[in-house]
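Trainee: got a predicted structure plus its sequence, pasted below:
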Amino acid sequence: MVFEALVRWNHAQRGLIAPGHFIPLAEETMLIVQLGDWVLRQACMDAASWSKAAAVAVNLSPVQFKNPNLVASVKGALAASRLPAHRLELEITESVLLQNSEATRAILHELRALGVKISLDDFGTGYSSLSYLRSFPFDKIKIDRSFVNELATRKDSMAIIRAVTGLGRSLGITTTAEGVENEAQLELLRREGCTQAQGYLFSKPRPVCEVEGMLATSRASAVA
Ligand code: MN
């Protein structure tokens with residue numbers, strides 16, 4: 001089972017603020033470097049404390065790749081928490097690969113050498129160049145929720161999911177469908193050989209203090 005770390009800002013006056021409202025600003029001001037470090041450390045600490053060896057997925061901003069200390073910071077988070085590296089998954093979007101791709105690839109290889117897993121997030125939106133899949137040996141492709149949303153009603157979404165899961169299978173890459181909301185979608189994804197599923201069908205975003213209870217009761221998130 002994998003838990004994806006999703007940050008919220010619990011503001012004294014404004015209440016819970018969604019990441020869409022403060023991450024862009026954090027990226028613009030480079031504060032994302034410190035914020036990203038904190039998220040990474042906290043997520044590793046939390047995961048290391050769980051009673052089961054579930055993995056934790058942490059999203060990395062393209063801006064964090066401009067930080068020369070990114071690899072050291074991941075190494076530090078693993079060391080401080082004593083979380084085994086294979087239980088940490090780092091999610092990047094293709095925009096990371098669009099910028100200074102040689103340097104980025106070198107960083108990705110260094111991260112992978114630590115033993116962490118690297119996922120390509122939101123696949124199928126943006127450019128989604130298939131050459132990205134050759135430029136770095138990703139452990140996982142996360143199929144964007146927009147394709148899953150329309151799975152039952154649009155043949156083209158089905159065809160795209162079929163193509164991406166087939167590609168993943170041939171390349172030995174895990175495929176995760178994002179935004180799975182009902183059993184019908186899950187069944188179709190299972191039939192296409194999608195390896196993992198994520199979404200409201202399993203759980204809405206929950207505070208980390210509830211993870212332990214979920215580990216005890218929840219159904220496995222793996223589709224096949
Ligand atoms: Mn993600």
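Mentor: Okay, I see it.
Trainee: what does the least confident helix or strand in the chain by mean pLDDT contact?
Mentor: Least confident element among the helices and strands of the chain, by mean pLDDT, DSSP states H and E: helix 131-135 (a mean of 86). Defining contact as C-beta atoms under 8 Å, 6 or more residues apart in numbering, one finds that helix 131-135 is touched by E94, L97, S101, R105, L120, I141, L167, L171, I173. Using the backbone N, CA and C atoms, a C-beta is placed for each residue, glycine as well.
Trainee: what's the answer for stretch 9-21, then?
Mentor: So stretch 9-21 is contacted by L6, V7, R8, F22 (C-beta under 8 Å, 6+ apart).
Trainee: show me how far it is from its chain's centre.
Mentor: 22 Å (C-alpha atoms, centre = their mean, to the nearest Å).
Trainee: if we can go back for a sec, which parts of the least confident helix or strand of the chain are buried?
Mentor: Y132, L133 (16 or more other C-beta atoms under 10 Å).
Trainee: for the residue most central in space within the chain, which residues make a bridge with it?
Mentor: Residue closest to the average C-alpha location in the chain (C-alpha atoms, centre = their mean): E91, at 4.0 Å. On the basis of DSSP bridges, E91 is bridged to N59, S119.
Trainee: that one against I141, yeah?
Mentor: No: at 10.7 Å, E91 does not count as touching I141 under the criterion of C-beta atoms under 8 Å.
Trainee: any residues of this structure in contact with the ion? List them.
Mentor: With the criterion set to C-beta under 5 Å from the ion, the chain comes near the ion through N59, E91, D121.
Trainee: redo those residues as TSV? Include distance to A177 and pLDDT.
Mentor: Shown next, in TSV, are the residues of the chain next to the ion (distance: C-beta to C-beta, whole Å; pLDDT from 0 to 100):
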residue	distance to A177	pLDDT
N59	17	97
E91	14	98
D121	13	95
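Trainee: of all the residues you listed, which comes closest to R190?
Mentor: Nearest to R190 among the residues of the chain next to the ion: D121, at 21.7 Å, using C-beta to C-beta.
Trainee: picking that back up, now the contacts of stretch 9-21 as JSON lines including secondary structure and pLDDT?
Mentor: What follows is those, written out as JSON lines (DSSP: H, G, I helix; E, B strand; the rest coil; pLDDT from 0 to 100):
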{"residue": "L6", "secondary structure": "coil", "pLDDT": "95"}
{"residue": "V7", "secondary structure": "coil", "pLDDT": "94"}
{"residue": "R8", "secondary structure": "coil", "pLDDT": "93"}
{"residue": "F22", "secondary structure": "helix", "pLDDT": "95"}
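Trainee: separate out the buried members of those.
Mentor: V7, F22.
Trainee: tell me the two of the contacts of stretch 9-21 that are most distant?
Mentor: Greatest spacing in the contacts of stretch 9-21, by C-beta to C-beta: L6 and F22 (12.8 Å).
Trainee: tell me the strands beside the next helix or strand after the least confident helix or strand of the chain, with direction?
Mentor: Using DSSP states H and E, the helix or strand that directly follows helix 131-135 along the chain is strand 140-143. Here strand 140-143 has these sheet partners by DSSP bridges: strand 117-123 (parallel), strand 174-177 (parallel).
Trainee: tell me which of the ones you listed sits most buried.
Mentor: strand 174-177 (a mean of 26; mean count of other C-beta atoms under 10 Å).
Trainee: no further questions, thank you.
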